[in-house]
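*Asks:* The sequence isn't on hand, but the structure is:
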């Protein structure tokens, strides 16, 4: 386990999480605000886990972690840090299955990740990117103490709002 809160556990993803990843990456919220990653099979979901979060953790010591409910261990989302080539500092990211929205899980896990990064990895500068129309994400970033900096261009050409602490 990476860290936990009163209601949640944050852990590394594993091959057993392929069904969850397949569901999350094809959920309406993911497709609208993050984009289609082409993960349409269990094999593709396993590849995403291995070449994405697990590889990131091995390289950087952080990644998108699985967020699961304590007790039932039901996976409900991802929350963590990424290292993108076009950004100078780690950036914060999160995504949750729609049925777990509006219950405070994103805020709870996000605060835990930010504390963990500072205390365990001495990461003090964190960025975040989001689509300008993603008002819920922007609200969460502000709750975490991140402030709008400027518009940045994503490699695919999309214009995103950059936030930092």
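*Replies:* That came in fine, so what should we check first? This structure is a prediction, so every number in the text was calculated from the model and none was measured. Numbers count the residues shown, from 1 in each chain.

*Asks:* OK, contacts around residue 11?
*Replies:* Residue 11 is in contact with 1-2, 65-66, 68, counting by CB atoms under 8 Å, 6 or more residues apart in numbering. Bear in mind the C-beta positions are built from the backbone N, C-alpha and C, glycine included.

*Asks:* Quick one: these as CSV, columns for distance to residue 88 and pLDDT too.
*Replies:* As requested, the contacts of residue 11 are exported to CSV (distance: CB to CB, whole Å; pLDDT from 0 to 100):
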residue, distance to residue 88, pLDDT
1, 30, 92
2, 24, 96
65, 22, 98
66, 27, 98
68, 31, 98
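
*Asks:* Can you list which of these are found in helices?
*Replies:* Nothing among the contacts of residue 11 maps onto helices, per DSSP state H.

*Asks:* Report the spatially closest residue to residue 90, excluding sequence-adjacent ones.
*Replies:* residue 81 (4.2 Å; CB to CB, 6 or more residues apart in numbering).

*Asks:* Could you measure from the one you found over to residue 2?
*Replies:* 11 Å (CB to CB, to the nearest Å).

*Asks:* Looking only at neighbour counts, state which of the two leads.
*Replies:* Set residue 81 next to residue 2 and count neighbours by other CB atoms under 10 Å: residue 81 wins out with 26 against 18.

*Asks:* Distance of residue 134 relative to residue 7?
*Replies:* 24 Å.

*Asks:* same check, this time on residue 50
*Replies:* 28 Å.

*Asks:* So for those two, which sits in the more crowded spot?
*Replies:* residue 7 (16 against 13).

*Asks:* follow-up on the earlier one: out of the contacts of residue 11, list just those in strands.
*Replies:* Here DSSP state E is the test, and the contacts of residue 11 give 65-66, 68 as lying in strands.

*Asks:* All good on my end, thank you.
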